[in-house]
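Colleague: everything below, folded, please.
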Amino acid sequence: MIIHVTDSTFDEKVLNSEKPVFVDFWATWCGPCKMLTPVIEKVAQNLENQIDIAKVDIDENPQISSMYGITSVPTMILFHKGKPVGKLVGFRPADQIESAIKGALSL
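Modeller: Okay, here's the model as predicted:
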């Protein structure tokens, strides 16, 4: 399941999560972001019990986007125990995303 996170729910849903959280920073006007949506859904299914997946619309949530220096979308950041442990920028296929997540978490 993919959760939508806002400036006001980011701490609770991402930083304080018991599981690692993979956050997709995106925008409605971003073509590659739209292409990434089914890829993220596939990753969410494949790693369902290991991580949570969250999406943050950068236009609606500028505070979080600014805090993590999001200057281009899509940008994906993996958080573990409240800290960023991996980052991908631009469209990536599911196998590359899963490999990066597993590598960062030593799964």
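
Colleague: rest of the way, CA atoms for contacts and neighbours
Modeller: Will do.

Colleague: could you point out which element follows the helix or strand containing residue 41?
Modeller: Here residue 41, judged by DSSP states H and E, is contained in helix 31-46. Remark: after helix 31-46, the chain's next helix or strand is strand 52-57, criterion DSSP H and E.

Colleague: ok, that following strand: who's next to it in the sheet?
Modeller: For strand 52-57, the paired strands and their directions (DSSP bridges) are strand 2-4 (parallel), strand 21-26 (parallel).

Colleague: can you list contacts of the shortest one?
Modeller: Pointing back at strand 2-4 there. 41, 44, 52, 53, 54, 55, 56 (C-alpha atoms under 8 Å, 6 or more residues apart in numbering).

Colleague: list buried residues within those.
Modeller: Neighbour counting with 16 or more other C-alpha atoms under 10 Å marks 44, 52, 53, 54, 55, 56 as buried within those.

Colleague: now do the contacts for residue 30.
Modeller: Residue 30 neighbours (C-alpha under 8 Å, 6+ apart): 73, 74.

Colleague: so for stretch 24-40, mean pLDDT?
Modeller: Averaging pLDDT along stretch 24-40 yields 96.

Colleague: buried ones in that stretch?
Modeller: Neighbour counts over stretch 24-40 (16+ other C-alpha under 10 Å) mark 24, 25, 26, 27, 33, 36, 39, 40 as buried.

Colleague: quick check: the farthest pair among those residues?
Modeller: Greatest spacing in the buried residues of stretch 24-40, by C-alpha to C-alpha: 27 and 39 (15.8 Å).

Colleague: circling back: looking at the contacts of strand 2-4, which is nearest residue 63?
Modeller: Nearest to residue 63 among the contacts of strand 2-4, with distances taken as C-alpha to C-alpha, is residue 56, at 10.8 Å.

Colleague: look up how far residue 93 lies from that closest one.
Modeller: Distance, residue 56 to residue 93, by C-alpha to C-alpha, to the nearest Å: 19 Å.

Colleague: and the one helix or strand residue 86 maps to, what's its mean pLDDT?
Modeller: For residue 86, the host element (DSSP H and E) is strand 83-89. Here strand 83-89 scores 96 as its mean pLDDT.
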